[in-house]
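Enquirer: fold the following, please.
(2 chains)
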Amino acid sequence: MEVLLGITGKDYCIIAASKAAMRGATILKASDDKTRSLNKNTLMAYSGEAGDTVNFAEYIQANIQLYSMRNASDLSPYEVSSFVRSELAKALRSRNPYNVNLLLGGFDSIKEKPELYWIDYLASSAKVPYAAHGYAQYYCLSLLDKHHHPDIDFEQGMKILRMCTDELKRRLPIDFKGVVVKVIDKDGVRELEYIDDKQILAP
Amino acid sequence: MSSPFAINGGACVAMVGKDCVAIACDLRLGLQALTVSNDFPKIFPFGSSTYLGLTGLATDVATVSELFRFKVNMYRLREERDIGPQTFANLVSSSLYERRFGPWFVSPVVAGINEKTGKPFICGFDSIGCIDFAKDFIVSGTASDQLFGTCEGLWEPDLEPEDLFETISQALLNAVDRDALSGWGAHVYIIEKDKVTKRLLKGRQD
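Expert: I've put the predicted structure just below:
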């Protein structure tokens, strides 16, 4: 019941990830951050098997940062997505595959466009305007289909995100303890305060 | 767990016309019944008149297309010319058979025109590289049963490029409408001796 959400708009990309760290039916932590920033303008959110997720994310983060240091320039979100996909695909057909689902949000400073990549544990990768992973897909994609538009401004994007998190709170049987929300735009990655104290009940 | 060929869905078809060939694919990427993306093309160009369509597991579609991009680039550097469709078909076949006991879960389709003879060429493969040469049409993907029906009904010999476009488009569009795992628009390539036309079809969005 981990939630990953991604929405792109006119000049930004919003990534939201649930704060609950779960192990079986138990919630171990209610302030988990399932995201890693890879370079100045890309952020990766991950869900999946407990050990694999952070291990894979940190491996990717280290390599992307190494590239930035060596070449004194950052990889674009598309280039990052290619690297991530190839590492995941390589592992898929090895003795120890990673069981990790990813959303890769970024801002391409040359094209001046936000980008979002949906990557699953099989290393299927797709560039999408909005995306979700896990059960959140079933609740949120229909909402996003109805309300999303490629050039929505930031306020509208946050409004749609609120609709999504409200719907998840309403319908998911397990409390996912709210979401961490981060935004990627021309100024880089920043975390947003996301007030989430309203109780929402199923009808 | 369902077959790896049917997790992501997708369809591809190639047809022969008079001095031309056509290849078309749908645009859906799904996860079982859930559609994730409706902009996931499955046809990749390899040189001026050689095209490869790949359906099956999306991760392998990406991996295999990248593998052939590498191999064809190496070929072009060695030979200082583009690869022809027949040569490319043999490359696809032998590359797939290298993975005989752990195959890529893809069903490739090759379409193109031979640069030297000017003859149209299409063929299909199974996932381990057995080539299926055809004089009429090749189908692949989750809608292959439906495509066999529509192609069998619509195709006729020696179609001109415009008529071939209409035939392949109707064959694909009507086949994917009867398959829950394919659809959401299509890409159609009409390949002539020294002209390639790519058209984007919207198709049904449901």
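
Enquirer: ok so B:Val72 is a helix residue?
Expert: Yes. According to DSSP: H, G, I helix; E, B strand; the rest coil, the state of B:Val72 is that of a helix.

Enquirer: looking at it now. What's its pLDDT?
Expert: What the model reports for B:Val72 is a pLDDT of 98.

Enquirer: same check on B:Met1?
Expert: Confidence per residue is given as pLDDT, and for B:Met1 that number is 57.

Enquirer: one more: A:Asp197?
Expert: Taken from the predicted model, the pLDDT recorded for A:Asp197 is 87.

Enquirer: around chain B, pick out the residues from chain A.
Expert: Neighbours of chain B within chain A, by Cβ under 8 Å from any Cβ of the partner chain: A:85, A:89, A:92-93, A:118, A:120, A:122-128, A:131, A:137-138, A:141. Yep, even glycine has a C-beta here, placed from its N, CA and C like the rest.

Enquirer: now with 10 Å?
Expert: Among all residues of chain A, those adjacent to chain B (criterion: Cβ under 10 Å from any Cβ of the partner chain) are A:82, A:85-86, A:88-90, A:92-93, A:118-129, A:131-133, A:137-138, A:141, A:145.

Enquirer: separation between the residue at minimal distance from the centre of chain B and chain A?
Expert: The central residue of chain B, meaning the one whose C-alpha is nearest the mean C-alpha position (Cα atoms, centre = their mean), is B:Gly53 at 2.5 Å. According to Cβ to the nearest Cβ, to the nearest Å, B:Gly53 stands 17 Å off from chain A.

Enquirer: next one: B:Cys130
Expert: Counting by Cβ to the nearest Cβ, the gap between B:Cys130 and chain A amounts to 22 Å.

Enquirer: where does chain B have low pLDDT?
Expert: B:1 (pLDDT under 70).

Enquirer: coming back round to it: list buried residues within the residues of chain A next to chain B.
Expert: The neighbour-count test (16 or more other Cβ atoms under 10 Å in any protein chain shown) applied to those identifies A:82, A:85, A:88-89, A:92, A:118-129, A:131-133, A:137, A:141 as buried.

Enquirer: which strand is the longest one in chain A?
Expert: Here the longest strand in chain A is taken by residue count, with DSSP state E as the criterion, and it is strand A:100-108.

Enquirer: can you list the strands that the next helix or strand after it pairs with?
Expert: Counting by DSSP states H and E, the element after strand A:100-108 in chain order, helix or strand, is strand A:113-119. For strand A:113-119, the paired strands and their directions (DSSP bridges) are strand A:100-108 (antiparallel), strand A:125-127 (antiparallel).

Enquirer: strands along the chain, start to end?
Expert: No chain was given, so I picked chain A. Residue ranges of the strands in chain A, as given by DSSP E, are A:4-8, A:12-18, A:21-23, A:26-29, A:35-39, A:42-48, A:100-108, A:113-119, A:125-127, A:130-133, A:179-185, A:188-192.

Enquirer: not what I meant, chain B
Expert: B:11-16, B:20-26, B:29-31, B:34-37, B:43-45, B:50-56, B:106-113, B:120-125, B:131-133, B:137-141, B:186-192, B:195-201.

Enquirer: for A:Lys113, find the nearest of those.
Expert: The closest approach between A:Lys113 and any of the strands of chain B, judged by Cβ to Cβ, belongs to strand B:34-37 at 17.1 Å.

Enquirer: what residues sit buried inside that closest one?
Expert: Buried residues in strand B:34-37, defined by neighbour count with 16+ other Cβ under 10 Å: B:Thr35, B:Val36, B:Ser37.

Enquirer: equivalent analysis for stretch A:36-53, please.
Expert: Buried residues in stretch A:36-53, defined by neighbour count with 16+ other Cβ under 10 Å: A:36-39, A:41-48, A:52-53.

Enquirer: which of those lies closest to B:Ser49?
Expert: Of all the buried residues of stretch A:36-53, A:Thr42 has the smallest distance to B:Ser49: 37.3 Å, by Cβ to Cβ.

Enquirer: ok so, going back, so which of the strands of chain B gets nearest A:Gln199?
Expert: Across the strands of chain B, the minimum distance to A:Gln199, taken as Cβ to Cβ, is reached by strand B:34-37, at 29.1 Å.

Enquirer: can you name every helix or strand that that closest one contacts?
Expert: If contacts are counted by 3 or more Cβ pairs under 10 Å, 6 or more residues apart in numbering or on different chains; DSSP states H and E, strand B:34-37 sits against strand A:125-127, strand A:130-133, helix A:136-147, strand B:29-31.
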